[in-house]
Structures are given as structure tokens and as C-alpha cells.
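In: With the sequence up front, the predicted model follows.
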Amino acid sequence: MVIPHKHGLSHEGKQIPFYYHLPPGTSSDKPVPLVVILTGLDGYRTELAVWIEGWSQKNVAVVVLEIPGTGDSPADPSDPKSPERQWSSLFDWIDEQSEIDHAKVAMWAYSTGGYYAIRLAHTHYDRLAGVVALGGGCHYMFDPRWLSRVNHLEYPFDLANTLAYKFGYDDDLETFKKDGMKFSLVEDGTLDGPHCTKLLLVNGVDDEIFPIDDYYECITRGVPKEARFINGRKHMGEPESFVIILNWLYKLFGIEANPVDQLKTLPFKPKF
């Protein structure tokens, strides 16, 4: 699916490509919930399309798309406000789809996508019933002290350099370290805003990609959120995190199901 990026600025891409899947039998007379899946730093919609079949079996529609600075996202990665324009274009299109139950639209974002999900839960709080940020960050992930150390931690490549490139700084890591706090949701006041949709924060306590301290910042500011920190796990708290999130989304959508059955539709074996 390709739609116009009608809220984009003149220097941004003109289209938003994404995957869109409807369960068999969906119609305007039988609208279904929708989960928007947002990729991470090194993920693409082709990869996260593995979730489509499982959600289809639960009679839930799926959108999969990429974050600014990755894949086919048209948004300016160096502009902290560009994501809002991309999401506005997307949700305007979703609002026009009569086959979607607009009271049951949620987002599930992975890793770096979790940063955008937290921001989105505040800026577009009235467009979603709930948001899940899995393994995301919001503040210390941009701290130069953290960025100076992450290349030697959990990520298998040079994470700080990869983040610099993703946020529009190419190979200029030192400038990204100096400027990075402009993306902080603490510094820009996002987390202290008066509105936020239902937001679930999930991560491993020992995350070495984005510090768990970011989620403490999130839950101690602004509107109350829900959180689940998984002891003894690193980035994204796998595999326990998937069961936690699926159960939360099932409740949000009014679905009675066993998350393990949905995990069995994935083309790998969960670590249970």
C-alpha cells in the first residue's frame, strides 16, 4: 500500500509505503480492530510482516511501516517533529477506511520504534486506543555519556554510529552527541504534557541498548502509564515480553485468546 504523505514538508518524501492486511471476510459491515506495527533501528516491514498471519487469525487488521531514517519512511530523520507529520498522514488515511473499527486502533512499536511510539502516544493521543513501546527510550538514550559507551555493549555493531546515521547525522557521531538531546522527550516537554493515550512500556531491566532509566523517566512524568520491567533480561525483555504484550492487546481489543497459539504462527521457535 502506498498513500500520499499529505502533511509532509516540501523536502520530505511524497509517499508513505506500508503493508496493509485485512482478515478474510472483513467488510464495512464487519469492521475489525487494527494494530499498527512500527519497526526499529534495523528492522523493515518485510521482517515484521511475520506477525500478519497470527493477527489475521485473531480477526485483526495489520499495518506495518518503518520509522524515520530507515526503510521507506519519507520523514526527515533530523527533524524531531517530522514523525508527527508522517503519523498524521497515516491516521488520516486510516480514518477513511470503513472496514476498520476506529475505537480499536493500537500501535505496537519495537526498540527504536518505541521512542516514536511514546511520542506518538502524547501527540496523537486521540487517534489510538492504546500504544505499546517495547524496548524503547525517551531521554538518556541521547545522552552523550550513554552514546560514548554503547558501542561496547549489547548491540552487535557500533550502535552510536548507527543511531547517528539514522537520525540524519551520517557518520558525524560527535555532532550527534552534541545535538542528540534535541530529540529527548524530557527536554522538549512531551512527557509532561496533559494528554497521553493508554501506554504500555515493556523492557528488560538489563537492556544495554536503551537504558531502563528512560522508562523510569516516562512513568514518573505527566499522565500515568502502565509498565512491565522484566528482571534478568536485556533489550526488549524477550521472550516473556511477547506474551505480556499480546495479552494486553487482546484485552484492549476484547479478544479471548492464548498468546502462545499466536506465537506458534511465527517462523521461529519462541524460547519457552
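Out: That came through, no problem. What you see is a predicted model; the values in this text were computed from it and never measured.

In: so how far is residue 140 from residue 214?
Out: 5 Å (Cβ to Cβ, to the nearest Å). The C-beta positions use only the backbone N, C-alpha and C, and glycine is treated the same way.

In: Also residue 169?
Out: According to Cβ to Cβ, residue 169 stands 18 Å off from residue 140.

In: Which stretches in the stretch 51-200 of the chain count as helices?
Out: All helices of the stretch 51-200 of the chain, identified by DSSP state H, counting those that start in this stretch, fall at 52-57, 82-95, 112-123, 144-147, 159-164, 173-179.

In: winner for burial among the ones you listed?
Out: Mean neighbour count (mean count of other Cβ atoms under 10 Å) peaks for helix 112-123 among the helices of the stretch 51-200 of the chain, with a mean of 26.

In: which residues are contacting that helix?
Out: Under the criterion Cβ atoms under 8 Å, 6 or more residues apart in numbering, residues 38-41, 43, 67-68, 83-84, 87, 107-109, 128, 131-138, 141, 163, 166, 183, 185, 190-191, 193, 195-197, 199, 201, 210, 218, 222 lie in contact with helix 112-123.

In: Swap in 6 Å and give it another go.
Out: Residues outside helix 112-123 that contact it (Cβ atoms under 6 Å, 6 or more residues apart in numbering) are 38-41, 67, 83-84, 87, 107, 109, 131, 133-138, 185, 190, 193, 196-197, 199.

In: Among those, name the ones in strands.
Out: Counting by DSSP state E, the contacts of helix 112-123 place 38, 107, 109, 131, 133, 134, 199 in strands.

In: In this structure residue 246 contacts residue 259, no?
Out: Yes. Taking Cβ atoms under 6 Å as the definition, residue 246 is a contact partner of residue 259 at 3.6 Å.

In: more crowded one of these two?
Out: Between residue 246 and residue 259, residue 246 has the larger neighbour count (other Cβ atoms under 10 Å), namely 24 against 19.
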